[in-house]
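S.K.: coordinates only, no sequence provided:
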């Protein structure tokens, strides 16, 4: 009889408050906001520490933008408390308007003041400084986000440079907290990655905390210190990017983060049979389960190996890999439809057989909710 592979899947404690490392630049405590009968936020708790970058990640209408608007003050919560730098700005009868909150904001498509030079635009919030100090701040902020040619007119800026300019203006003003709403979505495809990387580098160099709302999984995984995964106004999971990817807490979370194959299974005495053998998951209750395997976690195995075979039905070239669709045949598990992204030198023909391996810790298993 095959020995089940035992894996420890205990997650480190996250804390009920979405705890930040060190003193918080931003605290959201039990924030609720409803529109009619719809709960846009159903008790959001979050704290962001100094220099920390946190992403609110989720699909449309998950509450991300509402949370940002409550932080900036353009939306009032129905209940809860908002503190910025330790100061109460909303809650218990207190409401500080947006103009008096020490928060920088960048929306999906920043605008440029076309009648001004780029240098003048970046220094617009520095009128309290003398010319030399203002110039020094502007030049430093521009360099941090990859901007040059400060004498040019703002009207000639690309979308990517408009974003850089908006960020540089906030950095020059030395805001300790910035909120960004879908900041990279409107940028030119060929310039997007560079603008994103320059922005994060600028935030890191200045040790500026940031709260970023996005529905782009790749962006969130690459830029965040922590990700708050949201759905329908509620927090599904808060974790560091790698932990969130490797240990999602639900089948929905796993599927939202990346393309997965889903197979039915049965848990019995902590054991679950999969196409790649029996796994031991002691925390699962007995009964039906969902077995999830990411397309990208599958790999081609030696022909003389013991891994299950995929009978190829169709292929699609993706550049570094082929997307292969077919039927996985396992002597113990049976037959199941499967999609895999596999690095191969050439496309397999329909009807060809490929053995597919998968690391045990890449197989995600969740109890089916009754």
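M.R.: Received, thanks. This one's a predicted model, so the numbers in the text were calculated from it and none came from an experiment.

S.K.: rest of the way, CA atoms for contacts and neighbours
M.R.: Will do.

S.K.: just want the most central residue of this protein.
M.R.: When C-alpha atoms, centre = their mean is applied to the chain, the residue found nearest the centroid is residue 220 (2.8 Å).

S.K.: any idea which element that residue lies in?
M.R.: Here residue 220 is covered by helix 217-223, with elements defined by DSSP states H and E.

S.K.: before we move on, back to that, list the contacts for the residue nearest to the centre of the chain?
M.R.: 55, 57, 214, 227, 241 (C-alpha atoms under 8 Å, 6 or more residues apart in numbering).

S.K.: do residue 283 as well
M.R.: Residues in contact with residue 283 (C-alpha under 8 Å, 6+ apart) are residue 270.

S.K.: that older thread, now do the residue nearest to the centre of the chain, the pLDDT please.
M.R.: Listed pLDDT for residue 220 reads 97.

S.K.: try residue 18
M.R.: pLDDT recorded at residue 18 is 54.

S.K.: about what we covered before: and the furthest pair within the contacts of residue 220?
M.R.: Using C-alpha to C-alpha, the contacts of residue 220 reach their maximum pairwise distance at 214 and 241, which is 13.9 Å.

S.K.: please say which of the two ends up with more neighbours.
M.R.: The neighbour comparison of residue 214 against residue 241 (other C-alpha atoms under 10 Å) goes to residue 214, with 24 against 20.

S.K.: my read: the more buried one touches residue 57, true?
M.R.: Yes: between residue 214 and residue 57 a contact is recorded at 5.3 Å, counting by C-alpha atoms under 8 Å.

S.K.: shared neighbours of the two, which are they?
M.R.: Residues touching both residue 214 and residue 57 (C-alpha under 8 Å, 6+ apart) are 64, 220.

S.K.: residue 327 versus residue 269, what's the distance?
M.R.: According to C-alpha to C-alpha, to the nearest Å, residue 269 and residue 327 sit 29 Å apart.

S.K.: between the two, who's got more neighbours?
M.R.: Higher neighbour count among residue 269 and residue 327: residue 327, with 19 against 13, using other C-alpha under 10 Å.

S.K.: residues in contact with residue 253?
M.R.: 229, 236.

S.K.: make sure I have this right: it is in a strand.
M.R.: No: Residue 253 is assigned helix when assessed by DSSP: H, G, I helix; E, B strand; the rest coil, not a strand.

S.K.: what's the pLDDT at it?
M.R.: 97.

S.K.: could you list the domains of the chain?
M.R.: Domain ranges of the chain: 26-245, 259-367, per automatic domain parsing.

S.K.: in a markdown table, list the ones you listed along with distance to residue 253.
M.R.: Converted to a markdown table, those look like this (distance: least, C-alpha to C-alpha, whole Å):
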| stretch | distance to residue 253 |
| --- | --- |
| domain 26-245 | 8 |
| domain 259-367 | 11 |
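
S.K.: ok, which of the ones you listed comes nearest residue 251?
M.R.: For the domains of the chain, the distance to residue 251 is smallest for domain 259-367, at 6.4 Å, taking C-alpha to C-alpha.

S.K.: gap between the closest one and the chain center?
M.R.: Relative to the mean C-alpha coordinate of its chain, domain 259-367 is positioned 26 Å out (C-alpha atoms, centre = their mean, to the nearest Å).

S.K.: ok, now how distant is residue 333 from residue 319?
M.R.: Noted for residue 333: a distance of 32 Å to residue 319, by C-alpha to C-alpha.

S.K.: which one of the two has more residues nearby?
M.R.: Comparing residue 333 with residue 319 by other C-alpha under 10 Å, the one with more neighbours is residue 333, at 16 against 8.

S.K.: chain neighbours aside, what residue packs nearest to the more buried one?
M.R.: Nearest residue to residue 333, sequence neighbours excluded (C-alpha to C-alpha, 6 or more residues apart in numbering): residue 275, at 5.2 Å.

S.K.: check residue 202 too.
M.R.: The shortest distance from residue 202 to any non-neighbouring residue, by C-alpha to C-alpha, 6+ apart, is to residue 144 (4.8 Å).

S.K.: neighbouring strands for the host helix or strand of residue 310, and are they parallel or not?
M.R.: Assessed by DSSP H and E, residue 310 sits inside strand 309-317. Paired neighbours of strand 309-317 in the sheet (DSSP bridges): strand 322-330 (antiparallel), strand 353-357 (antiparallel).

S.K.: ok, the nearest residue to residue 222 once chain neighbours are set aside to residue 153 distance?
M.R.: Counting by C-alpha to C-alpha, 6+ apart, residue 222 lies nearest to residue 241, which is 7.8 Å off, once chain neighbours are set aside. Distance of residue 241 to residue 153, computed by C-alpha to C-alpha: 39 Å.

S.K.: and residue 119, which of the three is it?
M.R.: In three-state terms, and counting by three-state DSSP, residue 119 is helix.

S.K.: number of nearby residues for it?
M.R.: The number of residues packed around residue 119, counting by other C-alpha under 10 Å, is 22.

S.K.: and residue 272, by the same measure?
M.R.: With other C-alpha under 10 Å as criterion, residue 272 counts 24.

S.K.: likewise residue 296?
M.R.: 17.

S.K.: that's a helix at it, yeah?
M.R.: Yes: assessed by three-state DSSP, residue 296 belongs to a helix.
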